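Trainee: Next comes the sequence, and after it the predicted model I'd like to discuss.
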Amino acid sequence: MPDPHEAAGIAILLWAAEPEAPHRLVAPFFYAAAAAAMDTPVEIYFSARSVYLLVPGVADGLRASPRHDKTVGQALREAVGHGARLFACTDALHAQGIAPDDLIPECTDRGGAVQFMARASDLRWRTLVF
């Protein structure tokens, strides 16, 4: 029988995580990788300008700091490698002029406000917003 206090999953919303602020971009993926490595389902929702991180080459060209060797793209792929799923908001893609077919191969899911709020409303799920 599952523990009623154990989280069913972690949903992470990237909202104020745009490429213009790379110093804020690695932490969400580190948290996602840590949770996924503990066999907790992780869903990362890209909204607003964070959808640019899903455009090929963008995240790979960003670092949180000149002293940090890992790129944002490497941190993102590390989270995915541990099992995190990436969801692109179709409204955000449209607002930014990004074609849904032009995203990195790691992002095959679509989801936005409705899907994230469904997780936030589910008491078995935990949410983080960056």
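Mentor: Arrived safely, thanks for sending. Numbering: from 1, shown residues only.

Trainee: burial count for the nearest residue to Asp91 once chain neighbours are set aside?
Mentor: Spatial nearest neighbour of Asp91, excluding adjacent residues (Cβ to Cβ, 6 or more residues apart in numbering): Gly112 at 5.8 Å. From N, CA and C alone the C-beta is placed, and that goes for glycine too. Here the number of neighbours of Gly112 (other Cβ atoms under 10 Å) works out to 19.

Trainee: Double-check Gly112 against His94; I have them as touching.
Mentor: No. The criterion here is Cβ atoms under 8 Å, and Gly112 misses it with His94 at 10.6 Å.

Trainee: Now do the helices in the protein.
Mentor: For the chain, the helices defined by DSSP state H occupy 26-37, 72-81, 90-96, 113-121.

Trainee: With mean pLDDT and mean neighbour count as extra columns, can I get those helices in JSON lines?
Mentor: As requested, the helices of the chain are exported to JSON lines (pLDDT from 0 to 100; neighbours: other Cβ atoms under 10 Å):
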{"stretch": "helix 26-37", "mean pLDDT": "98", "mean neighbour count": "20"}
{"stretch": "helix 72-81", "mean pLDDT": "98", "mean neighbour count": "20"}
{"stretch": "helix 90-96", "mean pLDDT": "98", "mean neighbour count": "16"}
{"stretch": "helix 113-121", "mean pLDDT": "98", "mean neighbour count": "14"}
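
Trainee: any low-confidence regions in the protein?
Mentor: 1-2 (pLDDT under 70).

Trainee: Please, where are all the strands along it?
Mentor: Ranges of strands in the chain, per DSSP state E, are 9-14, 42-46, 85-88, 109-110, 125-129.

Trainee: by contact count, what packs against the fourth one?
Mentor: In terms of contacts (3 or more Cβ pairs under 8 Å, 6 or more residues apart in numbering; DSSP states H and E), strand 109-110 is packed against strand 85-88.

Trainee: now the strand it packs on: how far from the chain's centre is it?
Mentor: 6 Å (Cα atoms, centre = their mean, to the nearest Å).
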